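Asker: After the sequence you'll find the predicted model.
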Amino acid sequence: MMHPSDGSGGESVYEEAIVIIVRPGEHSIHCIGCPRVALIQILLNRAGNTLKVDGDFGGKTRAAVVNFKRSHGLPRDPVVGPHTWRKFPLGDNTKVVDVVDIGDPVMSGSRIHSLRQAGGNPIRLGLMCAGVEQMVTDVIRQAGSYGKVALLRITGHGNLGRWFTVSVGDVVDSKPKDQKVLATEYHSYIDWGHIDELAPTLSRLKGYFAPYGMMEHHGCSLGSRMHTRLLMHRLADLWGVPVSAGVGMQYGALYFDGQFFTAYPNHGTLETWSKQFRDACY
């Protein structure tokens with residue numbers, strides 16, 4: 001989908017955005033708004049606004065985006081894309097870390113290309129027997145000693161909504177006998193059945209998230225299954241950050257196609273999670 005805003009020459013904001021895309025009206029299953037909008041509101045407040053940080057891309061946030069873009073000579077529309085992102089006072093705690101499961105050629109091709117065009121430096125993992133452990137190590141390395149991750153975004157297959165794949169590739173389209181072998185490599189994907197075994201490794205990431213950090217997995221249909229939602233709640237509690245995944249088919253690496261499901265720490269909501277940012281200065 002092409003959109004001429006936030007750039008020139010008919011730039012594709014959705015495919016070439018700098019790392020975090022925000023569009024008016026984005027919403028999860030249960031509410032209008034999303035954690036990414038809360039981050040944009042925090043950045044707009046750093047630029048001199050006094051927005052309520054609630055994750056809702058409402059009228060005031062929309063107007064603040066338009067005014068911010070106008071003051072920086074950008075098109076006067078409410079889409080936060082690459083040029084807008086570069087103008088924000090990013091400062092600390094806004095690092096985005098991308099992980100791509102390249103076990104499938106599609107992931108190692110188009111997804112890597114999109115993320116690099118966006119200015120990212122994706123971690124590439126594929127077909128290894130301890131992909132989750134390697135992911136944690138690489139994310140910590142990329143976060144740096146003093147860095148805080150605003151978004152950890154994993155791009156991989158959902159495998160019929162069951163697995164957060166990290167380095168195991170596309171299981172669904174493999175042969176049945178190969179599927180059985182791949183299923184034993186549970187240290188290369190995250191699912192409800194093995195979360196207890198993986199929790200000690202995954203918990204190492206907790207201290208590397210920014211206060212308003214979040215995690216997204218862009219595999220297909222992950223947000224549609226109850227067991228996967230339970231897994232997402234477990235991860236949200238483990239890391240203390242919201243965890244989001246798309247409900248339907250996913251085609252891009254930088255945004256969700258259609259509705260998405262978000263699990264908040266302690267089975268909270270966007271409202272309860274964002275309360276901590278109301279009076280804080282970031």
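Answerer: Arrived safely, thanks for sending.
Asker: model confidence over stretch 125-136, on average?
Answerer: Stretch 125-136 shows a mean pLDDT of 92.
Asker: which of the residues in that stretch are buried?
Answerer: Buried residues in stretch 125-136, counted by 16 or more other CB atoms under 10 Å: 125-126, 128, 130-136. C-beta coordinates here come from the backbone N, C-alpha and C atoms, glycine included.
Asker: What is the most widely separated pair among the residues you listed?
Answerer: Across the buried residues of stretch 125-136, the longest distance by CB to CB is 16.0 Å; it joins Gly126 and Val136.
Asker: circling back to that earlier point, now the buried residues of stretch 125-136 in TSV, with secondary structure and distance to Asn266?
Answerer: Converted to TSV, these look like this (DSSP: H, G, I helix; E, B strand; the rest coil; distance: CB to CB, whole Å):
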residue	secondary structure	distance to Asn266
Leu125	strand	30
Gly126	coil	34
Met128	coil	33
Ala130	coil	30
Gly131	helix	28
Val132	helix	24
Glu133	helix	27
Gln134	helix	29
Met135	helix	25
Val136	helix	23
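Asker: Return the set of residues that bridge with the residue lying closest to Val139 once chain neighbours are set aside.
Answerer: Spatially, and ignoring its direct neighbours in sequence, Val139 is nearest to Val97 (5.3 Å; CB to CB, 6 or more residues apart in numbering). Applying DSSP bridges to Val97 gives these bridge partners: Leu152.
Asker: For Val97, list the residues it contacts.
Answerer: Val97 is in contact with 123, 139, 142-143, 149, 151-153, counting by CB atoms under 8 Å, 6 or more residues apart in numbering.
Asker: So it versus Thr50, what's the distance?
Answerer: Here the criterion is CB to CB, to the nearest Å. By it, Val97 lies 30 Å from Thr50.
Asker: Show me the strands in the chain, by range?
Answerer: 95-101, 123-125, 149-155, 164-165, 189-190, 209-217, 243-246, 260-263 (DSSP state E).
Asker: Using CSV, list the CA coordinates for the first one.
Answerer: C-alpha atoms of strand 95-101 as CSV (Å, rounded to 0.1, in the frame of the first residue of the first chain):
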residue,chain,number,x,y,z
LYS,A,95,16.5,1.2,20.8
VAL,A,96,14.7,-1.2,18.5
VAL,A,97,16.1,-4.7,18.1
ASP,A,98,15.0,-7.0,15.3
VAL,A,99,15.4,-10.7,15.2
VAL,A,100,14.6,-12.6,11.9
ASP,A,101,14.1,-16.4,11.7
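Asker: Just want the angle from it to strand 149-155.
Answerer: Relative orientation of strand 95-101 versus strand 149-155 (axes from the mean of the first three to the mean of the last three CA atoms, to 10 degrees): 10 degrees.
Asker: So for strand 95-101, mean pLDDT?
Answerer: pLDDT averaged over strand 95-101 gives 92.
Asker: The last one too?
Answerer: Model confidence over strand 260-263, given as mean pLDDT, is 92.
Asker: my guess is Thr155 contacts Gly109, does it?
Answerer: No. Distance between Thr155 and Gly109: 11.8 Å, which falls outside the contact criterion (CB atoms under 8 Å).
Asker: more crowded one of these two?
Answerer: Per other CB atoms under 10 Å, whichever of Thr155 and Gly109 has more neighbours is Thr155, with 24 against 11.
Asker: gap between the more buried one and Thr61?
Answerer: From Thr155 across to Thr61, the span is 27 Å (CB to CB).
Asker: Check Arg153 too.
Answerer: With CB to CB as the criterion, Arg153 and Thr61 are 22 Å apart.
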